[in-house]
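Novice: Coordinates only, no sequence provided:
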């Protein structure tokens, strides 16, 4: 068994997914007044969950690629835009909390490793 | 791997675009009564056209070119309203002056939308910064 186990891989990929989602949500907000713009979002949690359910979770997690999905079906305003600033802000906040949680857990695990190494 | 810095750039692009829109709206308000300009015509209301950077998010993800950009500043072709003021040097033969096609109420509501969007972008920037600092904590 190596130094880093499956949990560390999940944490790493989770942090990657959350920072990608941060980018996607920022992009929605930046384009809140762009005519015809359609919002995107990335459901990285479901991708992580299905990777963990597979027969070889480590392999699936390492090869996992998060794909942002564009919601082209709905329209909010007359110019064809579908960005709701309030929803985006709420998503941004919950995503930040999720990121911080993952970062805090990763930090704890590193602290454990450090303790084991006697530093 | 440009992830969090990408989020900072995207939020910054939104702030730049909203600030330019505020500049243009202020210009419209300042010229709401300018009946003659450099070309001898009444002031024409200006409008900023925004454009998403990149075709879709997946395409531009690798090179962090997502965000918003200004496609151009265009004039509003709507006709200006006519005001009867024969003493004005800009009055026509019938004594009517063509006013700029600026509606102060529209400009004020635009200004509110722009400043709210700017605030949302600053909030996104703050959040990205906060997350970046959390990542630095992993090294402690």
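Specialist: Received it, and whenever you're ready, just let me know what you need. Note that this is a predicted model, so its numbers are computed, not measured. Numbering: from 1, shown residues only, chains lettered A, B, ... in the order given.

Novice: How about the residue in chain A positioned nearest to chain B, nearest residue that isn't a chain neighbour?
Specialist: Using C-beta to the nearest C-beta, the closest approach of chain A to chain B is made by residue A:30 at 3.1 Å. Using the backbone N, CA and C atoms, a C-beta is placed for each residue, glycine as well. Taking C-beta to C-beta, 6 or more residues apart in numbering or on different chains, and ignoring the residues beside it in sequence, residue A:30 has residue B:14 as its nearest neighbour in space, at 3.1 Å.

Novice: Provide the secondary structure category for that neighbour.
Specialist: Classification of residue B:14 by DSSP: H, G, I helix; E, B strand; the rest coil places it in helix.

Novice: can I assume it is in contact with residue A:25?
Specialist: No - assessed by C-beta atoms under 8 Å, residue B:14 is found out of contact with residue A:25, at 11.6 Å.

Novice: what touches both of these two?
Specialist: Common neighbours of residue B:14 and residue A:25, using C-beta atoms under 8 Å, 6 or more residues apart in numbering or on different chains, are residue B:124.

Novice: Contact partners for residue A:37?
Specialist: Neighbouring residues of residue A:37 by C-beta under 8 Å, 6+ apart: A:31, A:80-83, B:52.

Novice: for residue A:50, same thing?
Specialist: residue A:60.

Novice: Please spell out which residues along the helix or strand hosting it are buried.
Specialist: Assigned by DSSP states H and E, residue A:50 belongs to helix A:44-53. By 16 or more other C-beta atoms under 10 Å in any protein chain shown, the buried positions in helix A:44-53 come out as A:44, A:47-48, A:51.

Novice: thinking again about what came up before, if any of the contacts of residue A:37 are buried, put those into a PyMOL selection.
Specialist: The following PyMOL line selects those of those that are buried, judged by 16+ other C-beta under 10 Å:
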select buried, (chain A and resi 31+81+82+83) or (chain B and resi 52)
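
Novice: Could you dump the contacts of residue A:37 into a markdown table with pLDDT added?
Specialist: Formatted as a markdown table, these follow (pLDDT from 0 to 100):
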| residue | pLDDT |
| --- | --- |
| A:31 | 93 |
| A:80 | 90 |
| A:81 | 91 |
| A:82 | 92 |
| A:83 | 93 |
| B:52 | 90 |
